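[1] have a look; sequence and predicted model below, questions after that.
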Amino acid sequence: MPHSETSSPSPSPSSFPDLPPFPDTVPTAPLLSISYQKLLSRDREEEDRCWKACRELGFFYLDLRRSPHSSSSASVDQRVGHAGQLFDVMQRLYEEFDGMSEEGRQRFDFKDRGSYFGYKGMGKGFVDKFGTRDRNEFYNISKDDILGLTPQLDAPELLTQHRGLCEAYIRRAHAVCKTVIQVLDQRLALSESARRGGGLAGVHRLDAVSGDQIRFVRAPPQERAVRGVALGEHTDFGSVTVLFNRAGGLQVRLPECISAIPAKDHGASTVEQELCKDGWTYVRPLPGHCIVNLGDALVKFSNGELRSNIHRVVAPPGEQAKVTRYSLVYFCRPEDDVRLRSLVECGETEGECVTAKEWILRRALGRRKVDGWEGSGGTEKESMRAGK
Ligand SMILES: O=C(O)CCC(=O)C(=O)O
Ligand SMILES: [Fe+2]
């Protein structure tokens, strides 16, 4: 199925400064590029394309650049709450962590208190059922902590100093998610009672307690011989994810009905070729864009109409494999006490009907236990179903 149409408002560099270019030697995923500006102005055609992307692959680029005709003076960075500045804070935070003792860093790992916020050190999570350790670090920052909805968690001084920046990013990233949610609210055949409850927007209110969070991810370069999976295959637990990454390494597993964009040149390493089997393919990071993907909660709410696609992070391809990889993520999730059940007409809710909070805790903390993999699954089966 052709899935690649682009509509670029203005040319922009094809790679990021300070990084080797993403190579043309690996196949890439044909994500649709959706204009944020057009979604904001309720452009019908763009909403159709967004809806298509949400149903078919559950992943798309959101083009944050202004069109040449726009009157707005906001820069790409301002439009997403200064994501670029937060990227710098993330890098400084991890540099500070490098200078700390293991105990110093572990003070911010709240797993034993039953929380997935705070720090997850290198190798402290598992990427498969065999107990293989991950090769990245996370710092998870709670929306509710930053907005003052819940008591303030212990945090490194640098983060405390930048709570204002975190708040700006949270508000903007949440607005991006709500824009996507509004498109879905219009198109899904929601039941009468779900509409009365405010539809999807009604269960994703910014000022209600939820598992929404910022995530800082760092993955160091890997040894040439073992360049492999840094973050194991998964579907996201929540509703909408906004992702800023600059180095490649993110891979999606394409359903059979969607073909990858073939590599333009030869020269992929044997490991890279191995990493592109079974439908796995790289997502090419694009300047001026973020990547948006849907999570499990939307599969449940839509009774399987929307896709939460399987993805993972591997070593960046080509020359990028030599750099430390960072990504900045925002996860928008349903409010904590919302039950994950179908909200559409005639939708069936089979099996477990847990709250969003229970679902996230099971999935997030399950991947921190050596034998937790099997019990920490999400909607992977639905994700690999044939496209609708
Ligand atoms: O780092 C990335 O590109 C993706 C991270 C991701 O999938 C996640 O944190 O859930
Ligand atoms: Fe993810």
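    That came through, no problem. Numbering: from 1, shown residues only. Ligands and ions are numbered 1, 2, ... in the order given.
[2] only C-alpha atoms from now on, for both contacts and neighbour counts.
    Fine.
[3] which residues does the residue in the stretch 251-388 of the chain that ligand 1 sits nearest to bridge with?
    For the stretch 251-388 of the chain and ligand 1, the shortest gap (C-alpha to the nearest ligand atom) falls at Ser327, measuring 4.9 Å. Residues in a beta bridge with Ser327, per DSSP bridges, are Val217, Asn245.
[4] secondary structure class for the residue positioned nearest the centre of the chain?
    The chain has Thr241 as the residue nearest its centroid, 3.9 Å off, counting by C-alpha atoms, centre = their mean. State at Thr241, reduced to three classes by DSSP: H, G, I helix; E, B strand; the rest coil: strand.
[5] which bits of this structure sit near ligand 1?
    236, 245, 250, 312-313, 327 (C-alpha under 6 Å from any ligand atom).
[6] next, the angle from the helix ranked longest in the chain to strand 240-245.
    Determined from DSSP state H, the single longest helix within the chain is helix 163-187. Taking axes from the mean of the first three to the mean of the last three C-alpha atoms, to 10 degrees, one finds that helix 163-187 is oriented at 130 degrees with respect to strand 240-245.
[7] could I get the buried residue list for the next helix or strand after helix 163-187?
    Going down the chain from helix 163-187, the next helix or strand is helix 192-196, by DSSP states H and E. Within helix 192-196, the residues scored as buried using 16 or more other C-alpha atoms under 10 Å are 194-195.
[8] now helix 192-196: mean pLDDT?
    For helix 192-196, mean pLDDT is 95.
[9] what packs against it?
    Helices and strands touching helix 192-196, as assessed by 3 or more C-alpha pairs under 8 Å, 6 or more residues apart in numbering; DSSP states H and E, are absent.
[10] re earlier: pLDDT on the longest helix of the chain, on average?
    97.
[11] who's in contact with it?
    39-40, 47, 50-51, 79-83, 86, 143, 146-147, 199-201, 204, 206, 213-214, 240-242, 330, 332 (C-alpha atoms under 8 Å, 6 or more residues apart in numbering).
[12] list the buried ones in it?
    Buried residues in helix 163-187 (16+ other C-alpha under 10 Å): 165-170, 172-174, 176-185.
[13] next one: stretch 319-337
    Those would be 320-336, for stretch 319-337 by 16+ other C-alpha under 10 Å.
[14] where do the strands sit along the stretch 251-388 of the chain?
    Using DSSP state E, counting those that start in this stretch, the strands of the stretch 251-388 of the chain run over 280-282, 289-294, 311-314, 325-332.
[15] what is the neighbour count of His289?
    21 (other C-alpha atoms under 10 Å).
[16] which residue comes closest to it once chain neighbours are left out?
    Nearest non-adjacent residue to His289, counting by C-alpha to C-alpha, 6 or more residues apart in numbering: Asp63, 4.5 Å away.
[17] isn't that neighbour right next to Lys38, touching?
    No. The pair Asp63 and Lys38 fails to qualify as a contact (C-alpha atoms under 8 Å) at a distance of 9.6 Å.
[18] for those two, indicate the residue with more neighbours.
    Comparing Asp63 with Lys38 by other C-alpha under 10 Å, the one with more neighbours is Asp63, at 24 against 16.
[19] distance of the more buried one relative to Ala208?
    Separation of Asp63 from Ala208 (C-alpha to C-alpha, to the nearest Å): 28 Å.
[20] also Val354?
    Separation of Val354 from Ala208 (C-alpha to C-alpha) stands at 18 Å.
[21] cool, Leu64 as well?
    Separation of Leu64 from Ala208 (C-alpha to C-alpha): 27 Å.
[22] so for the two, which sits in the more crowded spot?
    For Leu64 versus Ala208, the count of surrounding residues by other C-alpha under 10 Å is larger for Leu64: 21 against 16.
[23] can you confirm Tyr61 is in a helix?
    No. Using three-state DSSP, the assignment for Tyr61 is strand, not a helix.
[24] how about it, what does it touch?
    So Tyr61 contacts 31-34, 289-292 (C-alpha under 8 Å, 6+ apart).
[25] same check on His82?
    By C-alpha under 8 Å, 6+ apart, the residues touching His82 are 165, 168-169.
[26] and which of those is nearest Pro23?
    Tyr169 (30.2 Å; C-alpha to C-alpha).
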